[in-house]
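*Asks:* quick one: sequence and predicted model below, then my questions.
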Amino acid sequence: MKKIVLMMMVVFALSGCANVKKWLGLNKSTPDETKIETRAPLVLPPDFDELP
């Protein structure tokens, strides 16, 4: 019983650290709007319908 309580205390203490949350994947990362690149739309080549 004491081991369980001790383990729970360690988990709660470490969950407050930002590095531990990042390592465990608990942080949500949102994309930065300024870093999103737009791409030109896809265009079919003019001879696409011709068979090789």
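*Replies:* Yes, it's here. As the structure is a prediction and not an experimental result, all values here were calculated from the model. Numbering: from 1, shown residues only.
*Asks:* and the longest helix belonging to the chain, what's its mean pLDDT?
*Replies:* Longest helix in the chain by number of residues (criterion: DSSP state H): helix 2-15. Throughout helix 2-15, pLDDT has a mean value of 80.
*Asks:* now do it: everything it contacts.
*Replies:* V20, K21, L26 (C-beta atoms under 8 Å, 6 or more residues apart in numbering). Heads up, the C-betas are built off the backbone N, CA and C, glycines and all.
*Asks:* switch the residues you listed over to TSV; also include distance to V10, secondary structure and pLDDT.
*Replies:* As requested, these are exported to TSV (distance: C-beta to C-beta, whole Å; DSSP: H, G, I helix; E, B strand; the rest coil; pLDDT from 0 to 100):
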residue	distance to V10	secondary structure	pLDDT
V20	11	helix	70
K21	15	helix	70
L26	16	coil	73
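*Asks:* chain center to stretch 21-33, what's the gap?
*Replies:* The chain centre lies 6 Å from the centre of stretch 21-33; the measure is C-alpha atoms, centre = their mean, to the nearest Å.
*Asks:* likewise stretch 10-29?
*Replies:* 14 Å.
*Asks:* quick one: end-to-end distance for that stretch.
*Replies:* 25 Å (C-alpha to C-alpha, to the nearest Å).
*Asks:* and for stretch 24-40?
*Replies:* Stretch 24-40: ends 37 Å apart by C-alpha to C-alpha.
*Asks:* give me the pLDDT value at the residue nearest the centre of the chain.
*Replies:* By C-alpha atoms, centre = their mean, the chain has its centre lying nearest to S29, at 5.7 Å. For S29, the model assigns a pLDDT of 76.
*Asks:* that one and K21, how far apart?
*Replies:* Using C-beta to C-beta, to the nearest Å, S29 is found at 11 Å from K21.
*Asks:* rewinding a little: centre of the chain to the longest helix of the chain, how far?
*Replies:* 27 Å.
*Asks:* please point out which parts of that helix sit buried.
*Replies:* Residues of helix 2-15 classed as buried: none (neighbour count, 16 or more other C-beta atoms under 10 Å).
*Asks:* I am finished for the moment; much appreciated.
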